[in-house]
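1. sequence and computational prediction follow.
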Amino acid sequence: MAQGSIAVDRRVAVPIETRRASAGFWSDALWRLRHDPTTLAAIAIFMLMVLLAVSADFLADNFFHWSFAKQDLLNTYAKPNLGDPAMWLGGDHIGRSVVVRLLYGARVSLFIGVFGMLVTLSLGIVVGISAGYFRGWWDDVIVWLVSTIRSIPTLYLLLIVGLLFKLDPLSLAVFLGLIGWTGIANLARGQTFALRERDFVIAARTIGARPLRIMFRHVFPNLLPLMIVLATIDVASIILAESAISYIGFGIQPPTPSWGNMLNNATTFVFRGPHLIYGPGIAIAVTVLCLYLIGDGLRDALDPRLRGIIGGKTR
Amino acid sequence: MGRFIARRLVQAIPSLFGIMLLTFLLTRLSPSDPVQLMVAGNFDITVEDKAALRHSLGLDEPLPLQFLRWIGSAATLDLGNSFYYHRPVTQLIWERIPNTMQYTIPSLILAVLIGAPLGFVAARLRGRFPDHVIRLMSVVLHSLPEFFVGLLVVLILGVQLRWLPVGSMNTVGESCTFCLDRFVHLLGPVIVGALGGIAFYPRLMRTEVLEILGQDYVRTARSKGLRERVILTGHVLRNALIPVVTIFGGLLGIVLSSSLVIEQVFNWPGLGRLLFEGAVNKDYPMVQAVTIIGGVLLLLSYILRDIAYAWVDPRIKVR
């Protein structure tokens, strides 16, 4: 009876298109994920963050009754107080509500993280697989490009970009993606090197499959688990990079709130409003922590090689 | 070994060229005009003056020619004059590098000394309480942004408790390098700089040790009846240290990147601070030069890493 219900669960939970390709692997991974409370908690908290960020407008209008730009110059550096929802985390140097600004900052940070990740992921996968598969001059060019970008400290490069271009969240996300794809490309390339010598790829080539087909039907699915893990961690590192460059003052510019520029602001007024640094700092830390935990959980769930190494059970 | 080092140095040349090309293209293809940046704030400048300035800087020549000229002068270590200080930027950078090294090197060493043993302990006691604590600590530290931790250090230890100075390299009036005063000022930057590594090494070391413990040669060693201590030091630790060494170079990149933030937080007059000031003053040869020097430092650290790698694991040289 109990076994029957587990079987039903699996059938419901596995996406249909992946099920056809390799039902065992994905449902196995999902099963492991569902039995991993830490990761589940991290996913829940992250989802809550996303939900709060998405409903920032609604909450600001109907719950906090305070827009992100509304000032209260007679009541600056308000200490956190539980009576007024808008002042839960206090007010800043021109009396704006920290909570509401955090919500809008979440929008910016999460958008940049996710969008930047999409850029790194698509660029990294395409470039990495093609370099690893075709080798030759294309691979040399890619290796050169990757090693060049990796030899410049990321924040330095970002600072130049921030200095020379007017950055809105979208362009910053694109730039972060353009800088950050090298890690994924490197791994995808290395894995493709190994995969292209495997029997199933040779077999595909023997029956006349075209390179594009081999790369997307045979190589890519084998990389997917690793890429999902990397993508999760990438969101976190992009959020960190965005907040760092905005903290320096060359990222997202005020009045658009971002967690990074709120911290910049907090530093300026640290003597009169020390409470200002905790909100944005903790928001960044919690978001990044959740994403790392999700990444770890996904890796444990998806990477079958780790199971062999760590023996018996995963946990 | 000599040939390996020589080959590795030659291999770095294309990357160096790439760094130069990238910084050059980024600054030249951007919408901001360097002449405009240079004269910003001066309203009585005529169009002719601007054209003359443009010509004297060589900015009216075709881009490829400009690039070649720039590379040519960079080869003689001339990266231009700072718009702000009116001094050669290489000189200014040279003055600041020791300041940055003063806290980055101790923080890298501190990170390895704390992080690697923690990872080893976590792997040995896998699944037990210390393992959970170490893993939790590592993941939490990993997700704390340096500037936030730095700000907390300044706010709590500096402003509120007054245990540490809040910034700069020396107390006003003092200017010594090897003394207690400098040491106290170094504590904040070193600790914050080390956090990234302290968070990172346990994870690396733990996975590595666990992987090696599952290897055939460890099983063989065990079945031969070797003592566990011999296996751990001779077979496991030696192999687990390889990635610790190799990742060291990559860490310098992170430290250099975060130097921008750390020096901002602690008001430390190093390379990152110079870059930040350059950016604020729109001092654009300075920004370009610091980026290139940062890239060169990073390339050098990668080369050192590979040499260290080849030294620890002789199989590498064969490739």
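-> Perfect, I can see it now.

2. what does the average pLDDT come to for the host helix or strand of B:Asp131?
-> Element membership for B:Asp131, per DSSP states H and E: helix B:129-143. For helix B:129-143, mean pLDDT is 87.

3. repeat for stretch B:22-30
-> Rounded mean pLDDT across stretch B:22-30 is 79.

4. thinking again about what came up before, which secondary structure elements does the helix or strand that comes right after the helix holding B:Asp131 contact?
-> Going down the chain from helix B:129-143, the next helix or strand is helix B:146-152, by DSSP H and E. Here helix B:146-152 touches helix A:220-248, helix A:259-268, helix A:278-302, helix B:180-213, helix B:238-266, going by 3 or more Cβ pairs under 8 Å, 6 or more residues apart in numbering or on different chains; DSSP states H and E. From N, CA and C alone the C-beta is placed, and that goes for glycine too.

5. helix B:146-152: how far from the chain's middle?
-> Offset of helix B:146-152 from its chain centre (Cα atoms, centre = their mean, to the nearest Å): 18 Å.

6. report the residue spans of chain A with pLDDT below the cut-off.
-> A:1-23, A:64-65, A:72-74, A:76-78, A:83, A:85-88, A:95, A:304-315 (pLDDT under 70).

7. may I see the buried residues of the host helix or strand of A:Ala204?
-> For A:Ala204, the host element (DSSP H and E) is helix A:199-206. Residues of helix A:199-206 classed as buried: A:201, A:204 (neighbour count, 16 or more other Cβ atoms under 10 Å in any protein chain shown).

8. equivalent analysis for stretch A:269-286, please.
-> Using 16+ other Cβ under 10 Å as the test for burial, stretch A:269-286 gives A:269-270, A:273-285.

9. what's the first helix or strand after the helix holding A:Ala204?
-> Next element after helix A:199-206 (DSSP H and E): helix A:211-213.

10. other residues contacting that next one?
-> The contact list for helix A:211-213, computed with Cβ atoms under 8 Å, 6 or more residues apart in numbering or on different chains, reads A:133-134, A:204.

11. chain B: which of those residues is nearest?
-> Within the contacts of helix A:211-213, the smallest distance to chain B is 19.4 Å, found for A:Phe134 (Cβ to the nearest Cβ).

12. what's the closest non-adjacent residue to the closest one?
-> Computed as Cβ to Cβ, 6 or more residues apart in numbering or on different chains, the closest residue to A:Phe134 that is not its neighbour in sequence is A:Pro211, at 7.2 Å.

13. didn't A:Val143 look like it was pressed against A:Ala131?
-> Yes. If you go by Cβ atoms under 8 Å, A:Val143 and A:Ala131 touch, sitting 7.3 Å apart.

14. for the two, indicate the residue with more neighbours.
-> For A:Val143 versus A:Ala131, the count of surrounding residues by other Cβ atoms under 10 Å in any protein chain shown is larger for A:Ala131: 25 against 16.

15. packing partners for the helix or strand that contains that one?
-> According to DSSP H and E, A:Ala131 maps onto helix A:98-134. Judged by 3+ Cβ pairs under 8 Å, 6+ apart, the packing partners of helix A:98-134 are helix A:37-54, helix A:56-59, helix A:136-150, helix A:169-180, helix A:182-195, helix A:220-248, helix A:259-268, helix A:278-302.

16. may I see the buried residues of the first one?
-> In terms of neighbour count (16+ other Cβ under 10 Å), helix A:37-54 has its buried residues at A:39, A:42-43, A:45-46, A:49, A:53.
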